[in-house]
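*Asks:* following is a predicted model, sequence given first.
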Amino acid sequence: MKELPDFIASELNLIKIPVSRIARLLLAPSWDEDQTTAFGTYVQNVYTGIERILQYLLREKGENIPKSPMWHYDLLKTSYAYGLVPQGTQPAIENLMKYRHRHVHGYGHMLDELKLRELAAPISDVFELFDKHITNLYKISS
């Protein structure tokens, strides 16, 4: 069995932190403004971690996604072509990508709690599938 690279193992472990905080905050009946802002950052952190892993894996395959206005979309599209994203998770991951853009280029105090809850509802399941999928890719490639 091929060993999971340290970078990927570390990223997967780091992503687990915002995933657990998202799960905890989803249990709260409502949030104050600071919790909403923090929640939005956790959601963005999950996507950013997934994106870093995909970039690493594509570089391993000799793929370079040039920076452009569409590079985040191109990264996902190329990752799908290589089978790096588990089936059925693409819509949720694409929603996270779109949110990442809004979060990075917007203001945290303008986030809508209800929309964030809807966006984040599948995160725990999606990340669990992604984690298992990436780990299995290394088991298979030995």
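*Replies:* All right, it came through fine. Residues are numbered from 1 along each chain as shown.
*Asks:* let me see the mean pLDDT of the longest helix seen in the chain.
*Replies:* Longest helix in the chain by number of residues, with DSSP state H as the criterion: helix 33-60. Mean pLDDT, computed over helix 33-60, is 96.
*Asks:* other SSEs contacting it?
*Replies:* helix 6-26, helix 71-81, helix 90-105, helix 113-120, helix 123-140 (3 or more CB pairs under 8 Å, 6 or more residues apart in numbering; DSSP states H and E). (Each C-beta comes from the backbone N, C-alpha and C, glycine too.)
*Asks:* show me where pLDDT drops low in this structure?
*Replies:* The model of the chain has pLDDT under 70 over residues 1, 107-109, 141-142.
*Asks:* and stretch 79-91, how far apart are its ends?
*Replies:* 14 Å (CA to CA, to the nearest Å).
*Asks:* ok now it, how far from the chain's centre?
*Replies:* The chain centre lies 12 Å from the centre of stretch 79-91; the measure is CA atoms, centre = their mean, to the nearest Å.
*Asks:* returning to what we had before: report the inter-axis angle for the longest helix of the chain versus helix 123-140.
*Replies:* 20 degrees (axes from the mean of the first three to the mean of the last three CA atoms, to 10 degrees).
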